[in-house]
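K.L.:
just coords:
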């Protein structure tokens, strides 16, 4: 009996999540001439601008730099966009939360899954750049779904914490934008790791996005097979983030209705 109730609850929650993802997708591209093509054009335009700027002024000697750049930016944007939208999910759904009894965790989960859909579309841009530069994909790309599980779980964990804290402390919204900016520059997205001093490379080992970005470049650009150690590090960081997120969210969600 309990299993039947649990299955019914899961189906109901999944239906709600998928409906919200569809709604967000339609809202994002409503009245847009190019529509979903923006998810492809945006990383391409960003890559073009950054490649022109950093190639001209810093002259980084990185082979296939445009691919190096777009891989780092797209996977980092998945985390950044997921956490930013998840952070606002409870506040933005306040009217619904006040009206009906609903599982509140649905809202941050939906935002993260929506960004995962956008990321999947943006992979078309990655394929285009790799094709133009004649980079042949290898079987290591089969690790991509595993990487997306890591990054999605990691982002959801942070998103759950942020969505809960933002309800009580609105300053979190402004603070997180500063954190993301600092995190962007602290992660080798547009510069080579070789320019970092030894102490900074030690710090990078504790930077989850360093590992996820490096993982993506390994399987898509350098044709390397991620080892067991690297997979365990990526998995461990994702699991820790998700556990902390769930604990914080569940400990605070009953008070949301008093503050939203």
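P.N.:
Structure received. Source: prediction; values computed, not measured.
K.L.:
buried residues of whichever strand or helix holds residue 242, list them for me.
P.N.:
Assessed by DSSP states H and E, residue 242 sits inside helix 228-252. When neighbours are counted by 16 or more other C-beta atoms under 10 Å, the buried residues of helix 228-252 are found to be 231, 233, 234, 237, 238, 241, 242, 245, 248, 249, 252. Yep, even glycine has a C-beta here, placed from its N, CA and C like the rest.
K.L.:
isn't the first one right up against residue 147?
P.N.:
No. The pair residue 231 and residue 147 does not pass the contact test of C-beta atoms under 8 Å, sitting 9.4 Å apart.
K.L.:
any shared contact partners between these two?
P.N.:
None of the residues lies in contact with both residue 231 and residue 147 under the rule C-beta atoms under 8 Å, 6 or more residues apart in numbering.
K.L.:
quick check: pLDDT value at the residue nearest to residue 128 when sequence neighbours are not counted.
P.N.:
On the basis of C-beta to C-beta, 6 or more residues apart in numbering, the spatially nearest residue to residue 128 that is not a chain neighbour turns out to be residue 44, at 7.0 Å. As summarised for this prediction, residue 44 has a pLDDT of 85.
K.L.:
can you name every helix or strand that the helix or strand where residue 44 lies contacts?
P.N.:
Assessed by DSSP H and E, residue 44 sits inside helix 38-57. Applying 3 or more C-beta pairs under 8 Å, 6 or more residues apart in numbering; DSSP states H and E, we find helix 38-57 packed against helix 65-92, helix 106-132.
K.L.:
ok, which of those comes nearest residue 199?
P.N.:
Go through the helices and strands packed on helix 38-57 one by one with C-beta to C-beta and the one that ends up closest to residue 199 is helix 65-92, at 21.8 Å.
K.L.:
looking at the helices and strands packed on helix 38-57, which is nearest to residue 160?
P.N.:
Using C-beta to C-beta, the helices and strands packed on helix 38-57 put helix 106-132 closest to residue 160, at 5.5 Å.
K.L.:
check which residues of the closest one are buried.
P.N.:
Using 16+ other C-beta under 10 Å, the residues of helix 106-132 that count as buried are 106-116, 118-119, 121-122, 124-126, 129-130.
K.L.:
what mean pLDDT does that helix have?
P.N.:
94.
K.L.:
how far out from the middle of the chain is that helix?
P.N.:
9 Å (C-alpha atoms, centre = their mean, to the nearest Å).
K.L.:
same question for whichever helix or strand comes after that helix, mean pLDDT?
P.N.:
Using DSSP H and E, the helix or strand that directly follows helix 106-132 along the chain is helix 144-168. Per-residue pLDDT values over helix 144-168 give a mean of 98.
K.L.:
elements contacting helix 144-168?
P.N.:
Looks like helix 144-168 contacts helix 65-92, helix 106-132, helix 171-186, helix 208-217, helix 228-252, helix 256-259 (3+ C-beta pairs under 8 Å, 6+ apart).
K.L.:
any chance of CSV for these, columns distance to residue 152?
P.N.:
As requested, those are arranged in CSV below (distance: least, C-beta to C-beta, whole Å):
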stretch, distance to residue 152
helix 65-92, 7
helix 106-132, 6
helix 171-186, 17
helix 208-217, 11
helix 228-252, 8
helix 256-259, 23
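K.L.:
before I go, just wanted to say thanks for your time.
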